[in-house]
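Engineer: sequence first, predicted coordinates after that:
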Amino acid sequence: MRKAFICPSKYVQGENELLNLGYFVSTYGKKALLIAHKDDIARVKNQLDKTSKEYGVVFIESNFGGECSRVEVARLREVSAEYNCDCIIGLGGGKAIDTSKCVAQGGPLIIVPTIAATDAPTSHSAVLYTEEGAFDDYAYFKQNPHVVLIDTTIIAKAPTRFLVSGMGDALSTYFEARATSNSYSNVNAGLPCGFRENLCGPAKATKAALELAKLCYKTLLEDGLHAKYACDNNQVTPALENIIEANILLSGLGFESGGLAGAHAIHDGMTILEGTHKYYHGEKVAFGTIVQLVLENAPKEELEEVLRFCFSVGLPICLSDVGIDSYTEEELRQVAKKACIPEESIHSMPFPITEEQVLAAILTADSIGKAFKKKME
């Protein structure tokens, strides 16, 4: 059996770590293309100026347009070539990070998240969109980021909703990795570089990936609520540091080397409903996790543990929590249909999946979530 595990070359997390960015740039050369939204640059301008001066490096600002599109990626590659940049930096949220991966194409890449809203920073994949913001394709590269640099001081000052959304994304990690392991499905870690039509060389998950996914879930339960309180007050505490690690590192390694299953497919299905568009990825994944647990008839104690955690930190537990205040059965049937398309991760569940099963699980999860919320309130 072929197994695979992938990860960044270096992960560094701590207070004021952005001041060390210049050092990591200097290991590749003197110039770095900085792919970041102007507002994110403004937030950390003082730190960038200090580390640039300290280590004698130059950041080439790219005027990032905000969308990870083929057009923007092509433009930024030209800018990198024009200035003879020695490495690429992706600073900010998911779009800037994914764009930097596409520009670097597996070459020297430093990722600097300013929020802990998803587990994308450590991965070797990116999501491409059209210039108008519609989904285009997935891209995979020959190398994970060379450095993932996490400044916990900056993340603590970001809105708490980002951190909580990251917990929602991380929440699914163990349950999806468990399902993938039980079904002996393939994981992204086995995929080489290239676009979807060129992918080959499938592989199964390692035991290490599943254990990291378990640790991710354990950390959420132990530190999630206290981390939220810390972020509410813009303070770095041990609990916040642990949750940042869970959201970015443990969940990142867990999803990519452990596998995705029902929760993310349910998320993808829900995106067809306009009411969900104002909610973050991790918020929708949290409800998708509850649907997956219903779909696999998880033990009552486990489902209630997840519901209790979500309720405590403010993650969605029913459809109205993700903007679906009213719906028809046909609308939810379309959600189920999209979640079940052949290429979706829901087929990594350890049993055959039908649209009817998914529809039933969504409706049931919604009822369970409403009842739990009523009991808690």
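Structural biologist: Looks like it came in fine.
Engineer: quick one: the helices in the stretch 51-200 of the chain?
Structural biologist: With DSSP state H, counting those that start in this stretch as the criterion, the stretch 51-200 of the chain has helices at 70-82, 94-104, 152-156, 160-183.
Engineer: what is the first one packed up against?
Structural biologist: I take that to be helix 70-82. Helix 70-82 makes packing contacts with strand 31-35, helix 94-104 when contacts are defined by 3 or more CB pairs under 8 Å, 6 or more residues apart in numbering; DSSP states H and E. All C-beta spots, glycine's among them, are computed from the backbone N, C-alpha and C.
Engineer: ok, the third one next?
Structural biologist: Of the remaining helices and strands, those touching helix 152-156 by 3+ CB pairs under 8 Å, 6+ apart are helix 207-232, helix 238-245.
Engineer: convert the C-alpha atoms of it to CSV, please.
Structural biologist: This file holds the C-alpha atoms of helix 152-156, laid out as CSV (Å, rounded to 0.1, in the frame of the first residue of the first chain):
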residue,chain,number,x,y,z
THR,A,152,0.6,35.4,17.2
THR,A,153,0.5,39.0,18.2
ILE,A,154,-0.9,40.0,14.9
ILE,A,155,-3.5,37.2,14.9
ALA,A,156,-4.6,38.1,18.4
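Engineer: what's the pLDDT at residue 201?
Structural biologist: With respect to pLDDT, residue 201 scores 66.
Engineer: tell me the mean pLDDT over the host helix or strand of residue 41?
Structural biologist: Using DSSP states H and E, residue 41 sits in helix 38-43. Predicted confidence along helix 38-43 averages 95 (mean pLDDT).
Engineer: by contact count, what packs against it?
Structural biologist: Looks like helix 38-43 contacts strand 87-92 (3+ CB pairs under 8 Å, 6+ apart).
Engineer: residues contacting the strand it packs on, please?
Structural biologist: Outside of strand 87-92, the residues within contact range by CB atoms under 8 Å, 6 or more residues apart in numbering are 21, 25, 28-29, 32-37, 40-41, 44, 59, 80, 96-101, 103-104, 107-115, 145-146.
Engineer: now do it: distance to the chain's middle.
Structural biologist: Centroid separation for strand 87-92 versus its chain: 17 Å, with CA atoms, centre = their mean, to the nearest Å.
Engineer: reformat the helices and strands packed on helix 70-82 as CSV; add mean pLDDT, distance to residue 4 and mean neighbour count.
Structural biologist: Listed next are the helices and strands packed on helix 70-82 as CSV, based on pLDDT from 0 to 100; distance: least, CB to CB, whole Å; neighbours: other CB atoms under 10 Å:
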stretch, mean pLDDT, distance to residue 4, mean neighbour count
strand 31-35, 98, 28, 25
helix 94-104, 96, 19, 26
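Engineer: export the ones you listed to JSON lines and tack on distance to residue 277?
Structural biologist: Converted to JSON lines, those look like this (distance: least, CB to CB, whole Å):
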{"stretch": "strand 31-35", "distance to residue 277": "25"}
{"stretch": "helix 94-104", "distance to residue 277": "15"}
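Engineer: picking that back up, out of the helices of the stretch 51-200 of the chain, nearest to residue 137?
Structural biologist: Residue 137 lies closest to helix 70-82 among the helices of the stretch 51-200 of the chain, at 8.8 Å (CB to CB).
Engineer: pLDDT score assigned to residue 189?
Structural biologist: 89.
Engineer: tell me if I'm right that it and residue 5 touch.
Structural biologist: Yes: with contact defined as CB atoms under 8 Å, residue 189 and residue 5 form a contacting pair (5.6 Å).
Engineer: who's more crowded, those two?
Structural biologist: Set residue 189 next to residue 5 and count neighbours by other CB atoms under 10 Å: residue 189 wins out with 25 against 18.
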